[in-house]
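**Q** turn this into a model:
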Amino acid sequence: MMTTAFGDALKDCLVIGGGPAGLTAAIYLARYHLSVTVFHDNSSRASIIPMSHNHAGFPCGVSGTELLARMNAQAQLYGAAIRCRKITALHKVDNLFVAEFENGSIRSRAVLLATGVVNRPPAMPQATHDEAVARGLLLLPRL
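**A** As a prediction, this is how the structure comes out:
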């Protein structure tokens, strides 16, 4: 039997995905005094964007890492919990959701999936690709 981590408290909502969409949802949910926990595995595509001009409130742009850091801080300020764990299974038991991760599980009334997209880089060496993205020479595709 798997142990429950982070206490036995039933959450109002689990957000699976710690990118801008998941964190925005967590901020709103927490501001409405709902108990919310965000799960992420440090793979947000936003973290590799050197300068984004697509997010409200940053007319001069913001790096992906800074945006994620600010959004994490804001979500936590309003009471959202942020957990660096990869959800390995999600199922429903008696009208509740149970999310499983290594060495634990957590229950909630609702789940919001904000797992984002996977970047499909062009056919080129990974190091060359990463350097080009970091220098702003290669734009990530728009979806």
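**Q** what helix or strand is the nearest residue to Val93 once chain neighbours are set aside on?
**A** What sits nearest to Val93 in space, not counting adjacent residues and going by C-beta to C-beta, 6 or more residues apart in numbering, is Arg107, at 7.9 Å. For glycine as for every other residue, the C-beta is placed from the backbone atoms N, C-alpha and C. Here Arg107 sits within strand 104-113, counting by DSSP states H and E.
**Q** that strand packs against which elements?
**A** Judged by 3 or more C-beta pairs under 8 Å, 6 or more residues apart in numbering; DSSP states H and E, the packing partners of strand 104-113 are strand 11-16, helix 20-31, strand 96-101.
**Q** partner strands of the last one, with direction?
**A** When you say that, I think you mean strand 96-101. The strands that strand 96-101 pairs with in its sheet are strand 89-93 (antiparallel), strand 104-113 (antiparallel) (by DSSP bridges).
**Q** export those to a markdown table and tack on distance to Val133, mean neighbour count and mean pLDDT?
**A** Converted to a markdown table, the strands paired with strand 96-101 look like this (distance: least, C-beta to C-beta, whole Å; neighbours: other C-beta atoms under 10 Å; pLDDT from 0 to 100):
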| stretch | distance to Val133 | mean neighbour count | mean pLDDT |
| --- | --- | --- | --- |
| strand 89-93 | 31 | 10 | 96 |
| strand 104-113 | 26 | 17 | 97 |
